[in-house]
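Participant: this one's sequence-less:
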């Protein structure tokens with residue numbers, strides 16, 4: 001049920017949806033957010049109120065960084081009591097990272113925060129941006145008969161699907177179906193009606209107040225395994241000054257080489273206090289470190305299972321936890337439990 005008295009804050013960070021084509025070069029460049037309204041006349045026909053905010057300098061999502069995530073959190077916190085929901089227009093390349101990060105930085109949400117964007121600029125005739133934008137806005141104010149919002153969590157809406165933000169990854173650079181949530185069902189599907197999976201939606205504890213976090217620690221990295229990875233390269237990564245966390249992208253169900261030098265270097269990192277989290281390179285599936293000897297060897301030296309977390313969620317979670325000044329042991333404990341619906345720990 002749409003609340004006709006509701007209001008949404010539309011936050012423009014940059015990205016393809018808000019770009020126009022340079023007539024001389026054909027390159028895409030950012031234009032002022034106000035022009036977006038001219039290309040989406042349907043906005044004035046919405047039955048609820050829509051205000052807008054934007055970064056001082058819109059950015060390509062390739063330039064997204066933790067400092068910008070904190071800026072988004074600040075915009076939401078300052079305006080939290082004034083709006084029923086928030087829609088963030090964001091470039092697709094790093095949208096999954098941003099949605100994952102905000103799922104941890106915005107705790108006990110009781111209002112929707114919906115990321116969306118497009119594969120074609122809003123001014124293009126065949127743009128996917130209009131439908132993504134309008135439906136995301138409607139979801140942001142959709143409530144039940146008791147006045148409670150349907151989706152009080154950070155999500156991504158794209159190509160008719162509403163997905164949990166920290167469960168989503170970009171899968172296609174050229175297709176309108178740019179995102180998928182492989183290891184968790186979609187929260188809603190938009191067709192003639194918007195059909196919600198209410199049983200899957202993450203809700204805050206009764207009476208819990210929203211909390212807003214700003215500190216992130218970027219001293220984490222990703223190591224993607226491949227046949228032929230060298231001892232010199234792995235040693236250089238493990239010895240990066242101030243490195244605190246590693247997301248280890250392994251094969252299949254969490255498997256890795258069993259060479260002595262490989263395991264020895266990882267164990268050296270663990271003993272130095274580096275938190276290492278094992279996630280699979282596969283698009284779907286979960287890490288099962290007891291399934292094969294190659295995975296059990298990682299477990300034995302102290303590498304943690306990331307279960308079915310996406311790489312984006314694992315990176316954002318490590319940054320968030322270390323940003324809260326937790327010790328490596330405390331971070332390890334938090335990495336093995338789901339704190340925002342980001343993983344399933346049951347095998």
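Facilitator: That came through fine. Because the structure is a prediction, the values reported are computed rather than measured.

Participant: how far away is residue 50 from residue 119?
Facilitator: Distance from residue 50 to residue 119, counting by CB to CB, to the nearest Å: 23 Å. (C-beta placed from N, C-alpha, C; glycine too.)

Participant: Comparing those two, which residue is more hemmed in?
Facilitator: Neighbours were counted for residue 50 and for residue 119 using other CB atoms under 10 Å; residue 119 has more, 22 against 19.

Participant: sec struct for residue 295, please.
Facilitator: Three-state assignment for residue 295 (DSSP: H, G, I helix; E, B strand; the rest coil): helix.

Participant: Next, the contact list for it, please.
Facilitator: Residue 295 makes contact with 250, 253-256, 278, 287-289, according to CB atoms under 8 Å, 6 or more residues apart in numbering.

Participant: same thing with residue 323?
Facilitator: 213, 215-217.

Participant: mind running it again at 6 Å?
Facilitator: Going by CB atoms under 6 Å, 6 or more residues apart in numbering, residue 323 touches 215-217.

Participant: Flag the shaky bits of the stretch 51-200 of the chain, pLDDT-wise.
Facilitator: 121-126, 128-129 (pLDDT under 70).

Participant: switch the cut-off to 80
Facilitator: 118-130, 145, 175-176 (pLDDT under 80).

Participant: so where does residue 53 fall, helix or strand?
Facilitator: With elements taken from DSSP states H and E, the one containing residue 53 is strand 49-54.

Participant: contacts for that strand?
Facilitator: 7-12, 33, 75.

Participant: mind running it again at 10 Å?
Facilitator: Strand 49-54 has contacts (CB atoms under 10 Å, 6 or more residues apart in numbering) with 4-14, 18, 32-34, 36-37, 43-44, 72, 75-76, 78-79, 82-84, 86-89, 133, 137, 140-141.

Participant: I would like a PyMOL command selecting only the buried ones among those residues, please.
Facilitator: Filtering those down to the buried ones (16 or more other CB atoms under 10 Å) takes a single PyMOL command:
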select buried, resi 6+7+8+9+10+11+12+13+14+18+33+36+43+72+75+76+83+84+86+87+88+89+133+137+140+141
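
Participant: list the contacts for the nearest residue to residue 93 once chain neighbours are set aside?
Facilitator: Nearest residue to residue 93, sequence neighbours excluded (CB to CB, 6 or more residues apart in numbering): residue 61, at 4.6 Å. Applying CB under 10 Å, 6+ apart to residue 61 gives the contacts 13-16, 68, 90-95, 97-98, 117.

Participant: will you turn those residues into CSV that also has distance to residue 273 and secondary structure?
Facilitator: Formatted as CSV, the contacts of residue 61 follow (distance: CB to CB, whole Å; DSSP: H, G, I helix; E, B strand; the rest coil):
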residue, distance to residue 273, secondary structure
13, 34, coil
14, 36, coil
15, 37, coil
16, 40, helix
68, 28, helix
90, 34, coil
91, 35, coil
92, 35, coil
93, 32, coil
94, 28, coil
95, 32, helix
97, 25, helix
98, 28, helix
117, 38, coil
